[in-house]
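Chemist: Got a predicted structure here, sequence first:
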Amino acid sequence: MARPIPRNEPVKSLSVSYQGAAASSTWRGLAMGRGGSDLVIAVLLGLAALATLLFGEAYWLLAAQVAITMIFALSVDLLVGFAGIVTLGHAVFFGLGAYAVGIASVQFGWTEPLSALLLAGAVSALLGAATGVLVLRTRGLGQLMLTMAFASLVYEIANRAKPLTGGADGLQGMVVSPVAGLFEFDIFGLTAFVYTLAVLIVVVIFAVLMTRSPYGRSLVGIRENRVRMQAIGTGVQRRLLSIYIVSAALAGIAGALLAQTSQFVGLNVLHFSLSGEILIIVALGGAGRLWGALLGAVVFTLFKDRLSALDPAYWYFWLGLLLAVIVLFAPKGLIGLVDRLLALFRSKEAA
């Protein structure tokens, strides 16, 4: 004899179907909403990192370089994109972090990598606090000139202090202990890639939480209307100085990672061209959007590597041409282009 169907089963089935449709609608709304581009880029970058880890043995060292550039770009975007502080000398903090761990290793035998990262961040933060007090007294062109001046001073000091920094020959003889006492830096770059990727993840989580907090929202408010933020009682100068210090510390950590993974520090880490290059990366990805800065760092570094390999003599020309095309067709950066593609997909889905 067949079992009678309980009356509540169709209702339960409809309820489950409705909940599934609601969940699907929620994820679709998240993907298509304001944070949709961030979600798409985060997923793509995560899949790319996983694929590189599993199948890209030949690209582990390049991937580590990409991760370092992403941290550096993130530090600059916090200044330029969120707080509206313009700088052409941010390489000074990147280079100082690199020299801090290099000198600590060569001169004092400080080879433990994780604590050396904290040392680099602290040293760069101290310089950021000292210079930020002066830089933030000015705005616009004066701010640019001051940041360039400080960067030039530190560059010349590093060049002259040859017994300490190696001067134009670079700082050599660095020794870096295994990470956590277990993972040695190998010639294939696996440890370097995983190490820099882990630090990148921590930095991204920190930056996302900070920019979504009331503190981060206040920075955007200061960028948009400083006078109004002062009128409602916000300590504008204190907040700008604090983000300047945080940005300097993150840049120093990126520089320290470069020194640890290459075990060499050259004067190029303090050069003006590096400051200009990282600004191009932020603009390319989309200033004021953290995931845009990360995407810009990936695209710029990969194109730079491929073009320099294909055409060693004129690769700068092709890189400049490529950047010009991207800027013309995506004035809001690559993340703005992703926004437009998602909006187009959403309109077609609605139709």
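Modeler: Great, that's in hand.
Chemist: Name the helix or strand of this structure that has the lowest mean pLDDT.
Modeler: helix 8-32 (a mean of 40; mean pLDDT, DSSP states H and E).
Chemist: and the residue lying closest to residue 268 once chain neighbours are set aside, how far is that from residue 176?
Modeler: Closest residue to residue 268 apart from its sequence neighbours, by CB to CB, 6 or more residues apart in numbering: residue 274 at 6.9 Å. Every residue, glycine included, has its C-beta placed from N, CA and C. To residue 176, residue 274 is 22 Å away according to CB to CB, to the nearest Å.
Chemist: Check residue 267 too.
Modeler: As judged by CB to CB, residue 267 and residue 176 stand 20 Å apart.
Chemist: which of the two has more neighbours?
Modeler: residue 176 (22 against 19; other CB atoms under 10 Å).
Chemist: Surely that one touches residue 185?
Modeler: Yes - with contact defined as CB atoms under 8 Å, residue 176 and residue 185 form a contacting pair (5.9 Å).
Chemist: so what sits against both of those two?
Modeler: The overlap between the contact sets of residue 176 and residue 185 (CB atoms under 8 Å, 6 or more residues apart in numbering) consists of 260, 263.
Chemist: all helices for the stretch 51-200 of the chain, in order.
Modeler: 60-77, 91-108, 113-135, 141-160, 162-165, 190-211 (DSSP state H, counting those that start in this stretch).
Chemist: Need the single longest helix in this protein, by residues.
Modeler: helix 236-262 (DSSP state H).
Chemist: so for the next helix-or-strand element following that one, what's the average pLDDT?
Modeler: Helices and strands here follow DSSP states H and E; after helix 236-262, the next one along the chain is helix 272-285. Averaging pLDDT along helix 272-285 yields 90.
Chemist: So which other helices or strands are in contact with helix 272-285?
Modeler: Packing partners of helix 272-285 (3 or more CB pairs under 8 Å, 6 or more residues apart in numbering; DSSP states H and E): helix 60-77, helix 91-108, helix 141-160, helix 290-310, helix 315-329, helix 334-350.
Chemist: Any idea how many residues pack against residue 57?
Modeler: Neighbours of residue 57 under the rule other CB under 10 Å: 12.
Chemist: I'd guessed it sits against residue 186; true?
Modeler: No - look at residue 57 against residue 186 with CB under 8 Å: they stay out of range, at 11.0 Å.
Chemist: Redo the helices and strands packed on helix 272-285 as TSV? Include mean pLDDT and distance to residue 257.
Modeler: As requested, the helices and strands packed on helix 272-285 are exported to TSV (pLDDT from 0 to 100; distance: least, CB to CB, whole Å):
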stretch	mean pLDDT	distance to residue 257
helix 60-77	95	5
helix 91-108	94	8
helix 141-160	91	19
helix 290-310	89	13
helix 315-329	82	24
helix 334-350	82	24
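Chemist: what about those helices, which gets the closest to residue 212?
Modeler: Taking CB to CB, helix 290-310 is the member of those nearest to residue 212, at 9.8 Å.
Chemist: Which strands and helices lie in contact with the closest one?
Modeler: helix 36-55, helix 60-77, helix 190-211, helix 272-285, helix 315-329, helix 334-350.
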